Structure formats: C-alpha cells, structure tokens
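# Quick one: sequence plus predicted model below, questions after.
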Amino acid sequence: MAGDFSRQLDLGDSSGKNIWKKLHLDPKLFALLMILALAGLFILYSASGQNISMIYRQATYYGLGFSIMLIIAQFHPRWFQMAAPWMYGAGIVALLLVFLIGVGAKGAQRWLSVFGVFRFQPSEIMKLVVPMTMAWFLASQLLPPKFKVIAISMGIIFVPTLMVMKQPDLGTSLLIAGSGIFALLLAGLSWRWIALALVTVLAIAPVMWYGVMHDYQKQRVLTFLDPESDPLGSGWNIIQSKTAIGSGGVEGKGWLQGTQSQLEFLPERHTDFIIAVFAEEQGLIGVLLLLALYLAIVIRGLYMASKARDSFSRLLAGSLMITFFIYVFVNIGMVSGILPVVGVPLPLISYGGTSIVTLMAAFGVIMSVYTHRQA
C-alpha cells in the first residue's frame, strides 16, 4: 500500500513537472511574479483612492502581460537571435514616428496611437530590444570585446537612447542605455574601458547639461540637491514622499490609513510614488518584505540566466534581469530622495499597461532561455 501511494505521488509530481515543461515556464519564477502582481493590486487599491475601475484595468494589464509571457516563452532563443536586428530597426522607425505623428501629454511626446483605439510607448519596447540586439551583436564577436566592438556597441545603445531623451523622457532613456551597457559588461568588458567611460561621462556632463537636458530635467537635479529650495513647487513631490515614508515608521499606519496619500498630499501616488504610499501604510516591515520579493525574483532570474546554453542567451537573460533590478533601485532611490526624480515607475506595481506588458515580455524571454536550454 505504501509503495502504491508513493508511486502515485511520484506520478503526480512528474505530471506537474511535465505541464510546466510543456508550457516552457519556470514554476518558481512564475509563482513569484504572480505574488508580486497580487501585491500590486493590493497596493494600487489604496494608492488609487479605492478606484475600482483602475484596479480592473490594472488586472487586465496583468492578464495581458502573463499571456504575452506565456506566448514568448514558447519561442526558442534562436528565434530572438534572428529577429533582434529587425526588431531594432523597427524600433528606431517607431521612435522616428513618435517625433512625426506621436501623441503628446504633459509636455512630452512619447506615444503612438494605433487606429485611435489604444496607444503605446515605443521607448518601453526598446528596453527589451536594445539588450536583445546587443546580445545578438556581441555573441558573434570575440570576447572580451575590443575597441572596435565597443565602439559599435555604443552606437547601438546611444542612437535610441538619445532619441528617447529628446521626447523628452530621461528616466526611460537611462534604462535603455543601462540595459545595453549591462550586456556589454556581462560580455567581459575590461575595467580599463569602464574607467575610461566614467571619465568620458564626467567630461561630457556640461554638454549634456547645457545642450541636451530640458529645463524641467535640470530642475529635478537641482531639487534633488536641495528640495527645500522650492518646497511648494519643484520640491513638493520629494518632500511629501519622504514625509509619507518617514511617518509610516516600522509597522505603518495600516491599509487605507495613510494620511499623505489618502488626503492627496502625495502626487503621482498611483504611478511613480506608489512605494511611498505602501511605506506609509505598511511601514518598514512591509517595505522589507516587498524588497525581499523583488530580490527573490532577481536571484531566480539570474540563476536561470546562468544556465543558458550559449553566450547570446546568457547575455540577453542576464542583462534583462540586471535591468529589472536597476528599475527597482532607481524608483525606490528617487522616491526616498537618494536619487533625482527621473520618472521611473516601480516595476509591476505602479499603474500602467505598456510597462507591465514589456516587463512580462522580458520575463517570457528569460523563461524561454531557461526552458529551452536542453533543446
């Protein structure tokens, strides 16, 4: 009897594993992402002022995101390798169309409208396309990269980066640049080149300040250095955010009990500053639990990347996971006042469709890399 029961359990476990294998999904990463999505709805309900319609829309975005992740996971990594240069070209064309016929909002022209039904940001898609193109290019070169390869790589990275920066969208442009640079670092870039790059950045900083950055972007940097200089203007966001985080203490005020958010002192509380709402209501303990969830996702993703079968897959999955980590770090850093406010939402928590779909597509690529490693 005991032997029969044991065999039944083994058969059940084998059947479960086969289902995940057929779907080309990793159950551990899938479970972590599902928990994060549920936490996102929980946090957004309070941050949106109990706006049920917004919760329904966000849940729809999650559903679409998970569906796209499932679809993309079915493709073999070789398909991404072949498609990468074509997707890069299409992305550049889409960014050009943004300048010509793009839809504007709040002083920025970042969206394309599709038949007037829905709109999307091509810049969000480039967060996935740029590291994919970098992995495609670097996988065909001798590694670690030499000067010529580095120079071409910089061109691949900074053409879309500068186009997005001119929309203007400083936060997204920095993430696009970072996603490509991480692929270059994972390819074995020498520390000598890294030091040279830092010196170059410092050298061209005045050019960026006077020739590229817009007035509102400069003001964000100045506000970061001294938010009290304009407490009722440009410094209002960060002051209210830090107040909300500090007032939450260790245990928080309780769900729906945050005064800064519920009384609408905190701006952009359902998008860029949503972590401040969570910190006020759930306190340090809640924030640490959320960070632990993010860390578990990053560790699992990097482990999956390390098991990739070739350099293209390894560079692609690794750079996507590091970019996800930077996404989290930048948002929390800017909300807590240790980084300038650059308009980066908290991944898979902040309200918004294009960001969620793009991130879930990236996780679909990582799933594909891991589950096809023996194919």
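Structure received.

# If you count neighbours, what's buried in the biggest strand by length in the chain?
Secondary structure of the chain per DSSP state E: the longest strand is strand 108-114. Residues of strand 108-114 classed as buried by neighbour count (16 or more other Cβ atoms under 10 Å): 109-112. C-betas here are computed from N, CA, C, even on glycine.

# and if you look at stretch 319-339?
For stretch 319-339, the neighbour count (16+ other Cβ under 10 Å) marks 319-328, 330-337 as buried.

# In this structure Gly49 contacts Leu263, no?
No. With contact taken as Cβ atoms under 8 Å, Gly49 and Leu263 are classed as non-touching, separated by 10.2 Å.

# Of the two, which one has the most company?
Gly49 (13 against 8; other Cβ atoms under 10 Å).

# one step back: filter the buried residues of stretch 319-339 down to the ones in helices?
Among these, the ones falling in helices (DSSP state H) are 319-328, 330-335.

# Closest one of the residues you listed to Ala362?
Leu320 (4.7 Å; Cβ to Cβ).

# Report the contact partners of the residue lying closest to that closest one once chain neighbours are set aside.
Once flanking residues are discounted, Leu320 sits nearest to Ala362: 4.7 Å by Cβ to Cβ, 6 or more residues apart in numbering. Contacts for Ala362 (Cβ atoms under 8 Å, 6 or more residues apart in numbering) come out as 127-128, 320, 323-324.

# which one of these sits closest to Ile72?
Leu128 (9.7 Å).

# Tell me where the chain has strands.
Going by DSSP E, the chain shows strands at 103-105, 108-114, 118-120.

# helices or strands next to the last one in the packing?
The helices and strands touching strand 118-120, judged by 3 or more Cβ pairs under 8 Å, 6 or more residues apart in numbering; DSSP states H and E, are strand 108-114.

# Excluding chain neighbours, what is closest to Leu29?
Distances taken as Cβ to Cβ, 6+ apart place Arg300 nearest to Leu29, at 5.0 Å, with adjacent residues excluded.

# Can you name the residues that contact the one you found?
By Cβ under 8 Å, 6+ apart, the contact list for Arg300 reads 26, 28-29, 32.

# Kindly provide the distance from the residue nearest to Leu320 to Arg78.
18 Å (Cβ to Cβ, to the nearest Å).

# How about Gly246?
With Cβ to Cβ as the criterion, Gly246 and Arg78 are 51 Å apart.

# From what I see, Asp26 and Ser368 are in contact.
No. Look at Asp26 against Ser368 with Cβ under 8 Å: they stay out of range, at 10.3 Å.

# who has more neighbours, these two?
Using other Cβ under 10 Å as the criterion, Asp26 and Ser368 rank with Ser368 on top: 26 against 22.

# check contacts around the more buried one.
Counting by Cβ under 8 Å, 6+ apart, Ser368 has contacts 24, 72-77, 80.

# give me that answer again for 7 Å
By Cβ atoms under 7 Å, 6 or more residues apart in numbering, the residues touching Ser368 are 24, 72-73, 75-77.

# ok, of those, which come out buried?
Counted by 16+ other Cβ under 10 Å, the contacts of Ser368 give 24, 72-73, 77 as buried.

# returning to what we had before: between the buried residues of strand 108-114, which is nearest Pro145?
Arg110 (31.8 Å).
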